[in-house]
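S.K.: the following block contains a protein sequence and its predicted model.
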Amino acid sequence: MTTSLATWARQFVAVASIVSASLASAQSWPDKVIKIIVPLPPGGPSDIVLRSAMEKMQPILKQPLVLENKPGANGNLGAAEVARATPDGYTWLWTTDTTITVNPHVYEKMQFKVTDLEPVIRASSFSQILVCNPNVGVKTLTDLVRKAKEKELSYASGGPGSPGHLTTELLKATAGIQMLHVPYKGPAPAMQDMLGGQVECGFLAGPTVLPHVRAGRLTALAISGSKRSLLLPEVPTVAESGYPGFDATFSLLLFAPKGTPAATVQSMQSAMVAALKTPDLIEKLRLSDQEVIASSGAEAAQRLAADSKKWGDVARRIKLVLE
């Protein structure tokens, strides 16, 4: 055997051993506790969806699933931990799409690369609802645009780079209006000041504002996504209100560290699809103004790429930079 052939043979055996070990690992997965890191504060919509899904996934995977909240830097801290984790199928990331589609465009320093994470499933989607204090005197998006062209209005958001902030900036550019941004530390205080009249309008998540819309304390003008809300079917989308093609839909997704065995990723994705497709979970998400998507990893990656381009354009236009 020539030297080159002997070298090739040794390399082949080494690679075959690695592949064999990976396949064996994937076939035995899971054989211990599975950890899912949520880089957001506890108790939010993301927790509600995931905890409900985990209850149904556990009997399928036959191992405990544990949720760990690790908030900080708009999801960057928890995402970085998962990106650095051993890709063995025992550490996963559950987060909103903005961690991937917005943060890389607005943070000067990131502790992880988007390519260090692999999309597993786009679990659900949700939109924002454009609401105003009734004293503003507007009942439709057309009214708001007309008024905003006559005088400067203010809008609240859950913070710089939040879905409400970016959605309103996209609307401002689309409609050709100006509004003063008043950021808050989360949607709850933003809503409170909107109720009190300190700030006039804002795009906020459905569960945050729905009780106040139904009580007449806030006026709902439009839905940010491509579909009307099942909980407010009478409220049109922004696209239906005169701005065709407008779509600010957001998502909850599961990610794996890059290099996680494909068979393991597929097993996790299949278990979550089975959980999300159960009627009671579909209804639970509907009541929180979310729609079950349950996509493949490839479909999730395609959507993330499109949304990253859209929000990157918005961030650059408004020169949004965060530390």
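M.R.: In hand now; what should we look at? Since this is a predicted model, take the numbers as computed values, not measurements.

S.K.: please, where are all the strands along the stretch 151-300 of the chain?
M.R.: 153-157, 179-183, 201-205, 219-223, 250-257, 290-292 (DSSP state E, counting those that start in this stretch).

S.K.: so for Arg51, which of those strands sits nearest?
M.R.: strand 250-257 (12.4 Å; CB to CB). All C-beta spots, glycine's among them, are computed from the backbone N, C-alpha and C.

S.K.: out of the strands of the stretch 151-300 of the chain, which comes closest to Leu77?
M.R.: Ranking the strands of the stretch 151-300 of the chain by proximity to Leu77 (CB to CB) places strand 250-257 first, at 14.6 Å.

S.K.: which helix or strand contains the nearest residue to Thr278 once chain neighbours are set aside?
M.R.: Closest residue to Thr278 apart from its sequence neighbours, by CB to CB, 6 or more residues apart in numbering: Lys56 at 6.0 Å. Lys56 is part of helix 45-61, with elements assigned from DSSP states H and E.

S.K.: angle of that helix against strand 201-205?
M.R.: Helix 45-61 runs at 10 degrees relative to strand 201-205, counting by axes from the mean of the first three to the mean of the last three CA atoms, to 10 degrees.

S.K.: does anything pack onto helix 45-61? Which helices or strands?
M.R.: Where contact means 3 or more CB pairs under 8 Å, 6 or more residues apart in numbering; DSSP states H and E, helix 45-61 is packed against strand 34-38, strand 65-69, strand 91-96, strand 117-126, strand 250-257, helix 262-276, helix 279-287.

S.K.: tell me, how many neighbours does the residue nearest to Tyr107 when sequence neighbours are not counted end up with?
M.R.: Sequence neighbours aside, Leu322 is the residue nearest to Tyr107 in space, at 5.3 Å (criterion: CB to CB, 6+ apart). Here the number of neighbours of Leu322 (other CB atoms under 10 Å) works out to 17.

S.K.: so Leu322 makes contact with Pro160?
M.R.: Yes - between Leu322 and Pro160 there is a contact under CB atoms under 8 Å: 6.1 Å.

S.K.: can you tell me how far the residue nearest to Tyr107 is from Gly89?
M.R.: Here Leu322 is placed at a distance of 32 Å from Gly89 (CB to CB, to the nearest Å).

S.K.: low-confidence ranges, the chain, go.
M.R.: Applying pLDDT under 70 to the chain flags residues 1-27.

S.K.: can you rerun that using 90?
M.R.: 1-27, 40-49, 72-74, 108, 185-188, 207-208, 230, 288, 322-323 (pLDDT under 90).

S.K.: centre-most residue in it?
M.R.: Compute the mean C-alpha point of the chain, and by CA atoms, centre = their mean the closest residue is Thr96, 2.1 Å away.

S.K.: look up how far His181 lies from that residue.
M.R.: In this view, Thr96 and His181 are 20 Å apart by CB to CB.

S.K.: Trp92 now?
M.R.: From Trp92 across to His181, the span is 34 Å (CB to CB).

S.K.: of the two, which one has the most company?
M.R.: Set Trp92 next to His181 and count neighbours by other CB under 10 Å: Trp92 wins out with 23 against 17.

S.K.: surely the more buried one is in contact with Met268?
M.R.: Yes - between Trp92 and Met268 there is a contact under CB under 8 Å: 7.0 Å.

S.K.: who touches both of these two?
M.R.: 120, 254, 256 (CB atoms under 8 Å, 6 or more residues apart in numbering).
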